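1. Turn this into a model:
(2 chains)
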Amino acid sequence: MTVRLKGTERDVVTIRWIPKYTTIVRLGHWLHTVTFVPLAITGLILYTPLFQSLAQGEAGLFVRLAHRIAAVLFGLLPILYFIIEPRRFIMSIQEFMFDRDDIGWVMNAFSYYLLGRHGVMPPQGRFNTGEKMNGLIMCVTWVVLGVTGLLMWFGKGVISPGLFHWMVLIHDVAMIVAVCMFLVHLYLAVAHPLMWAGLVSMRFGVTSAAYAAEHHARWYYGPKRARQLYEEARKKAAEASH
Amino acid sequence: MDNNKRAMVDRRGFLKLTGVGLSGLILQPSEQAFASAPGEDEVAILYDASECIGCRDCERACKECNNLPTEPVPPSDLSAITWNLIKQRKGVDQSDWPFFNDQCMHCTDAACVMVCPTGALYKDKKGFVAVDEDKCNGCGYCTQFCPFSVPDLKDVNLITGKAKVGKCIFCCQNQPQEGVGRVACVEACPTGALTLGWREDQLEVARDRVAQLKADGHSKAMLYGESEAGGLHRLSILLDEPSAYGLPVDPQGPITLSRVWQKIIQPLGEIALGATILGVIGAFFVTRRNIRMEEVE
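-> Alright, predicted model coming up:
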């Protein structure tokens, strides 16, 4: 898809869009967000004494009920996605696997994304290392929050008090990790200038070819060509530094 | 240049204010703070198992005083509507003082108070653990963390989570601000097995009584509650090991975990959240200074 923006012939900007996410994936992502936000807010109300007044009495009962409804939806969505698109689900998991390029990405990410120094970043697949880390943490916390949450919900008087205590502690720690990761994810998606395409692609399902070539070269060019371009760029950078 | 300078100051000021504000919120003193040792003006019930005849007058008085409904079947344990219960000691015949009066132990280091997220369970200045039912949201953490398994939930809906906690409240509706006060189970006890007084005085009486019982041949006689869980406000003179009465020898386990949760994990979690928020705000300004949107693609 090509979009021509208004302007003189010299100022014309042509963006070639390429598909990145299917409608089901985007719907799943946004529904997961819509359920995670109330889940996190109600969880924090019950967790921290700062919001104690909201956790009391009838208001607290409502908060706990809202937490449970959001938790059920949040828990069911990935399962539903697996049922609807099992092949794509497994393919996505494969795309989230870490490899040696992720180490290089992590080592350069700070200066690249925070300081804007366009050093040579190792080629990334459809998901970059940061997205993989977010995905990994979300998957782990989804499982941990689900298991501990269900045991806290239905386990009183069924499991031993000792096990219940650990479920509460682990649930809290997993919640903190998930919320911190979500805050970073939210910032990068909404406010970071180099990540604008992430929000666009999650909204419209497409990303610009130029952005894909720079940020997701292994996905855009294929592994062989991406590696070749990366090595050439590294060589140029090394020569320039001499 | 001036504008830039002003913007820098404003930004710094904003970050400082945000930091100070968040730190203040995180470090504010918790209302759930608990005393580490019983105070001098605290009261305690002293139960002497060697004086108890198992008449159950204490149970009846507790039900009447606190308007508690009767159980459909005779209870074998304390519940949200049975706050006082005569139990039988394990491994003894009927002639050897087999009874034990079970009720809330009103711990100084009360795990139920520590884990209550609503403040519904709180420590009264006289030392006992009271309940503000209007504040309870039915989470049931207290039922799981109490080392004596005393608090219980009533009107439970497993799906919605609706419930209210119930446990001995030391007849707090009858407690005057000053003096020792009155407790229904104590007033109903015909043998003096249950007595109410200042905790320090009760400890002295209990120590003397234990010494007397030992002199009479009850070698296992002991005082339970002097130091357990920071010191109980329901002291017990026992004729056997605590386990024979269904009491934990060391009730500290759940209390320590409650403390780790409330005093370490919870503040650390709040600090982590605050640091993430500050980090993201800081990263936003640093990134905006270094990367111009118009330069991106």
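
2. C-alpha only now, for contacts and for neighbours.
-> OK.

3. quick one: contacts for the residue in chain B that chain A sits nearest to?
-> Using Cα to the nearest Cα, the point where chain B gets nearest to chain A is residue B:135, with a distance of 4.2 Å. Residue B:135 makes contact with A:56-58, B:118-120 under the criterion Cα atoms under 8 Å, 6 or more residues apart in numbering or on different chains.

4. again, only this time at 10 Å
-> Residues near residue B:135 by Cα atoms under 10 Å, 6 or more residues apart in numbering or on different chains: A:52-61, B:117-121, B:164.

5. Restricted to buried residues, select the residues you listed in ChimeraX.
-> Of those, the buried ones go into a single ChimeraX selection, burial set by 16 or more other Cα atoms under 10 Å in any protein chain shown:
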select /A:52,53,54,55,56,57,58,60,61 /B:117,118,119,120,121,164
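
6. I'd like the distance from the helix or strand harbouring residue B:130 to the chain centre, please.
-> Using DSSP states H and E, residue B:130 maps to strand B:129-131. Offset of strand B:129-131 from its chain centre (Cα atoms, centre = their mean, to the nearest Å): 8 Å.

7. can you check stretch B:97-104 too?
-> Relative to its chain's centre, stretch B:97-104 lies at 20 Å (Cα atoms, centre = their mean).

8. Which helix or strand lies directly C-terminal to the longest helix anywhere in chain A?
-> Assignment by DSSP state H gives helix A:161-191 as the longest helix of chain A. Using DSSP H and E, the next helix or strand after helix A:161-191 towards the C-terminus is helix A:196-204.

9. Under the pLDDT cut-off, which ranges of chain B? List them.
-> The model of chain B has pLDDT under 70 over residues B:1-36, B:92-95, B:174-175, B:292-297.

10. What ranges does it have for its strands?
-> Assigned by DSSP state E, chain B shows strands spanning B:43-48, B:85-88, B:99-102, B:121-123, B:129-131, B:152-154, B:164-166, B:194-198, B:222-224, B:234-238.

11. would you turn the ones you listed into CSV with distance to chain A?
-> What follows is these, written out as CSV (distance: least, Cα to the nearest Cα, whole Å):
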stretch, distance to chain A
strand B:43-48, 27
strand B:85-88, 20
strand B:99-102, 20
strand B:121-123, 11
strand B:129-131, 12
strand B:152-154, 10
strand B:164-166, 9
strand B:194-198, 30
strand B:222-224, 23
strand B:234-238, 23
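
12. could those be laid out in a markdown table, adding distance to residue A:40?
-> Formatted as a markdown table, the strands of chain B follow (distance: least, Cα to Cα, whole Å):
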| stretch | distance to residue A:40 |
| --- | --- |
| strand B:43-48 | 42 |
| strand B:85-88 | 41 |
| strand B:99-102 | 40 |
| strand B:121-123 | 25 |
| strand B:129-131 | 28 |
| strand B:152-154 | 26 |
| strand B:164-166 | 24 |
| strand B:194-198 | 46 |
| strand B:222-224 | 43 |
| strand B:234-238 | 40 |
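
13. Any idea which helix or strand in chain A has the lowest mean pLDDT?
-> Lowest on mean pLDDT, DSSP states H and E among the helices and strands of chain A sits strand A:2-4, with a mean of 51.

14. returning to what we had before: could you check the angle helix A:196-204 makes with the longest helix of chain A?
-> 100 degrees (axes from the mean of the first three to the mean of the last three Cα atoms, to 10 degrees).

15. And helix A:161-191, what's buried?
-> By 16+ other Cα under 10 Å, the buried positions in helix A:161-191 come out as A:161, A:164-165, A:167-185, A:187-189, A:191.

16. Check the gap between the residue nearest the centre of chain A and chain B for me.
-> Closest residue to the average C-alpha location of chain A: residue A:134 at 4.5 Å, with Cα atoms, centre = their mean. To chain B, residue A:134 is 15 Å away according to Cα to the nearest Cα, to the nearest Å.

17. can you check residue A:112 too?
-> Taken as Cα to the nearest Cα, the span from residue A:112 to chain B is 10 Å.

18. Look up the closest residue to residue B:168, ignoring the ones flanking it.
-> residue B:83 (5.0 Å; Cα to Cα, 6 or more residues apart in numbering or on different chains).

19. hang on, that neighbour packs against residue B:63?
-> Yes - between residue B:83 and residue B:63 there is a contact under Cα atoms under 10 Å: 7.9 Å.

20. Which of these two has more residues huddled nearby?
-> Using other Cα atoms under 10 Å in any protein chain shown as the criterion, residue B:83 and residue B:63 rank with residue B:83 on top: 24 against 19.

21. what about the helices in chain A?
-> All helices of chain A, identified by DSSP H, fall at A:23-47, A:57-84, A:86-95, A:100-109, A:129-154, A:161-191, A:196-204, A:209-215, A:217-221, A:223-241.

22. Using CSV, write out every CA atom in the third one.
-> What follows is helix A:86-95, C-alpha atoms only, in CSV (Å, rounded to 0.1, in the frame of the first residue of the first chain):
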residue,chain,number,x,y,z
PRO,A,86,-3.2,-22.6,16.8
ARG,A,87,-0.7,-22.6,13.9
ARG,A,88,-0.1,-18.9,14.1
PHE,A,89,0.1,-19.1,17.9
ILE,A,90,3.0,-21.6,17.7
MET,A,91,4.7,-19.7,14.9
SER,A,92,4.6,-16.6,17.1
ILE,A,93,6.2,-18.4,19.9
GLN,A,94,9.0,-19.5,17.6
GLU,A,95,9.5,-15.9,16.5
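
23. Could you check how far that helix is from the centre of its chain?
-> Centroid displacement of helix A:86-95 relative to its chain, using Cα atoms, centre = their mean, is 15 Å.

24. what packs against that helix?
-> Contacts defined by 3 or more Cα pairs under 10 Å, 6 or more residues apart in numbering or on different chains; DSSP states H and E place helix A:86-95 against helix A:57-84, helix A:129-154.

25. Mean pLDDT and distance to residue A:201 for those helices - can I get that in CSV?
-> Supplementary listing: these in CSV, determined by pLDDT from 0 to 100; distance: least, Cα to Cα, whole Å:
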stretch, mean pLDDT, distance to residue A:201
helix A:57-84, 96, 19
helix A:129-154, 96, 13
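
26. Residue B:144: which of those is closest?
-> For the helices and strands packed on helix A:86-95, distance to residue B:144 was read as Cα to Cα. The smallest value, 10.1 Å, belongs to helix A:129-154.

27. Would you mark the buried spots in the closest one?
-> So, applying 16+ other Cα under 10 Å, buried residues of helix A:129-154: A:129, A:132-138, A:141-142, A:144-146, A:148-149, A:151-153.

28. And for stretch B:265-283?
-> Neighbour-count burial for stretch B:265-283 [16+ other Cα under 10 Å]: B:265-278, B:280, B:283.

29. how many neighbours does residue B:128 have?
-> Residue B:128 has 24 nearby residues by other Cα under 10 Å.

30. Just give the closest residue to it, not the sequence neighbours.
-> Closest to residue B:128 by Cα to Cα, 6+ apart is residue B:106, at 5.0 Å.

31. any low-confidence regions in chain A?
-> Within chain A, the stretches with pLDDT under 70 are A:1-13, A:118.

32. Longest strand in it, by number of residues?
-> As assigned by DSSP E, the longest strand anywhere in chain A is strand A:14-19.

33. now that strand against helix A:196-204, angle please.
-> 60 degrees.

34. which helices and strands does strand A:14-19 pack with?
-> strand A:2-4, helix A:196-204, strand A:206-208, helix A:209-215.

35. Just name whatever secondary elements the last one is in contact with.
-> Looking back up the chat, that one is helix A:209-215. On a contact count with 3+ Cα pairs under 10 Å, 6+ apart, helix A:209-215 meets strand A:14-19, helix A:196-204, helix A:217-221.

36. What of the longest one?
-> Based on contacts counted as 3+ Cα pairs under 10 Å, 6+ apart, the elements that helix A:196-204 packs against are strand A:14-19, helix A:23-47, helix A:161-191, strand A:206-208, helix A:209-215.

37. From the buried residues of stretch B:265-283, which land in helices?
-> B:266-278, B:280, B:283.

38. where exactly do the helices run in chain B?
-> Using DSSP H, helices in chain B cover B:2-27, B:57-65, B:111-115, B:141-145, B:184-188, B:199-215, B:252-259, B:266-290.
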